[in-house]
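**Q** Pasting the sequence and the predicted model now:
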Amino acid sequence: MAVEKLSTRHLLGIKDINRNDIELILETADHFKGVINRTIKKVPSLRDITIANIFFENSTRTKLSFELAEKRLSADVVNFAASSSSVSKGETLIDTVNNILAMKVDMVVMRHPYAGAGVFLSKHINAQIVNAGDGAHEHPTQALLDAYSIRQKLGDVAGKKVVIVGDILHSRVALSNILCLQKLGAEVMVCGPTTLIPKHIESLGVKVEHNLIKALNWCDVANMLRIQLERQDIKYFPSQREYAMMYGLNKQILDNLDKEIIVMHPGPINRGVEITSDVADSKQSIILDQVENGVAVRMAVLYLLASQRD
């Protein structure tokens, strides 16, 4: 049975929460899913809470999703884009955040290009931290909304087979998903070119497959990751065209599988590279469900963290 409170004061990574925490977040998200689908989409749950969205990296969907979740909960929201701030003038992370906290902010939602930035911050400031992605490390709310979407479509995550395809090496989504799915009892496989699969990833208890067709025939759910060219310092494969030929999912491959599978994508989609338009828009795709569920899951996270405030 899920506990009534989260076991942690922050959401820094899936690594730091347990199965009860995950189930509590997913159950709370069920309630908020009802809220965002009714005529009046707002609840006064966080009326006296001020949340700062601090993004040191570009973001569209995650930032919008968090901002919408915060406003649906009636929180006061301040947005901060690092590219147009004092950070570009040499100000340190702690100085930036302390200046924002001096304005009496209760919670910080942060995306940062360096792994561990959220953990570092949580040790130096009093506000609660939600990690909206730190480098190639973790992206906990994406993993939670992916698990929620699988649960919604298949009834349960436990016992399901999920393959994560693509750029595992540079992906924060992959690591968070692996940890979250395993805690919920799913089997996880990663699939991609040898150069994009981290060494020793088997030590996390995942299967490794380099043949896309074999991986797709094994799984119930395929999560297709974007090739993160902005994180790649060297060439990991000859060309995007060759990558698409080897690891791109098209309708012909999907229709020729032994069974019907669910297709997911954390976005943004490179149509024609990791996934074709006819797959992205097919009935087997739950990509837009993931976007809708993202708001409900982030509402659940913010609400549960805020309820721990003294």
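**A** Here it is on my side, so go on. It should be emphasised that the depicted structure is a prediction, and the values quoted were computed from it without experimental measurement.
**Q** got the contact list for Ser149?
**A** If a contact means Cβ atoms under 8 Å, 6 or more residues apart in numbering, then Ser149 has Met264, Ile286, Asp289, Gln290, Asn293 as its contacts. From N, CA and C alone the C-beta is placed, and that goes for glycine too.
**Q** Could you list which of those belong to strands?
**A** Secondary structure assignment (DSSP state E) places Met264 from these within strands.
**Q** leaving aside the residues next to it on the chain, what's closest to Gly267?
**A** Spatial nearest neighbour of Gly267, excluding adjacent residues (Cβ to Cβ, 6 or more residues apart in numbering): Arg61 at 5.5 Å.
**Q** Tell me, how many residues neighbour the one you found?
**A** Neighbourhood size, Arg61 [other Cβ atoms under 10 Å]: 14.
**Q** Repeat that for Ala117.
**A** What Ala117 shows, counting by other Cβ under 10 Å, is a neighbour count of 22.
**Q** Also His200?
**A** Using other Cβ under 10 Å as the criterion, the residues surrounding His200 number 7.
**Q** And it, how far from Val206?
**A** As for His200, its distance to Val206 is 11 Å (criterion: Cβ to Cβ, to the nearest Å).
**Q** ditto for Asn177
**A** The span separating Asn177 from Val206 equals 10 Å under the rule Cβ to Cβ.
**Q** who has more neighbours, these two?
**A** Comparing Asn177 with Val206 by other Cβ under 10 Å, the one with more neighbours is Asn177, at 29 against 21.
**Q** ok, that one - contacts?
**A** Applying Cβ under 8 Å, 6+ apart, we find Asn177 in contact with Gln142, Ala143, Asp146, Ala147, Val162, Ile164, Val188, Asn223.
**Q** can you check Asn126 too?
**A** If a contact means Cβ under 8 Å, 6+ apart, then Asn126 has Leu101 as its contacts.
**Q** Name the SS class of it, please.
**A** coil (DSSP: H, G, I helix; E, B strand; the rest coil).
**Q** ok, back up a step: now list whatever residues contact both of Asn177 and Val206.
**A** When contacts are counted by Cβ under 8 Å, 6+ apart, the set common to Asn177 and Val206 consists of Val188.
**Q** My read is that Ile129 contacts Asp16, right?
**A** No: counting by Cβ atoms under 8 Å, Asp16 is not a contact partner of Ile129; they are 11.0 Å apart.
**Q** Can you pick out the residue with more neighbours from the two?
**A** Applying other Cβ under 10 Å to Ile129 and Asp16 shows that Ile129 carries more neighbours, namely 24 against 18.
**Q** Just give the number of residues close to the residue nearest to Pro268 when sequence neighbours are not counted.
**A** Residue nearest to Pro268 in three dimensions, not counting chain neighbours: Arg226, with 6.6 Å by Cβ to Cβ, 6+ apart. Neighbours of Arg226 under the rule other Cβ under 10 Å: 19.
**Q** Arg226 and Ile269 touch, don't they?
**A** Yes: Arg226 sits in contact with Ile269 when judged by Cβ under 8 Å, with a separation of 7.0 Å.
**Q** Which neighbours do Ile129 and Asp16 have in common?
**A** When contacts are counted by Cβ under 8 Å, 6+ apart, the set common to Ile129 and Asp16 consists of His10.
**Q** now, which of the contacts of Ser149 lie within helices?
**A** Applying DSSP state H to the contacts of Ser149, the entries found in helices are Asp289, Gln290, Asn293.
**Q** Distance to Ser307 and pLDDT added to the residues you listed, as TSV?
**A** Output for the ones in helices among the contacts of Ser149, formatted as TSV (distance: Cβ to Cβ, whole Å; pLDDT from 0 to 100):
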residue	distance to Ser307	pLDDT
Asp289	27	96
Gln290	25	97
Asn293	21	97
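**Q** and the helix or strand of the chain with the lowest mean pLDDT, which residues are buried?
**A** Across the helices and strands of the chain, mean confidence by mean pLDDT, DSSP states H and E is lowest for helix 93-101: a mean of 80. When burial is assessed from 16 or more other Cβ atoms under 10 Å, helix 93-101 yields the following buried residues: Leu93, Thr96, Val97, Ile100.
**Q** For that helix, which outside residues touch it?
**A** Residues external to helix 93-101 that are found in contact with it (Cβ under 8 Å, 6+ apart): 52, 54, 56, 78, 80, 82, 85-87, 108, 112, 117, 120-121, 124-127.
**Q** Thanks again, I'm all set now.
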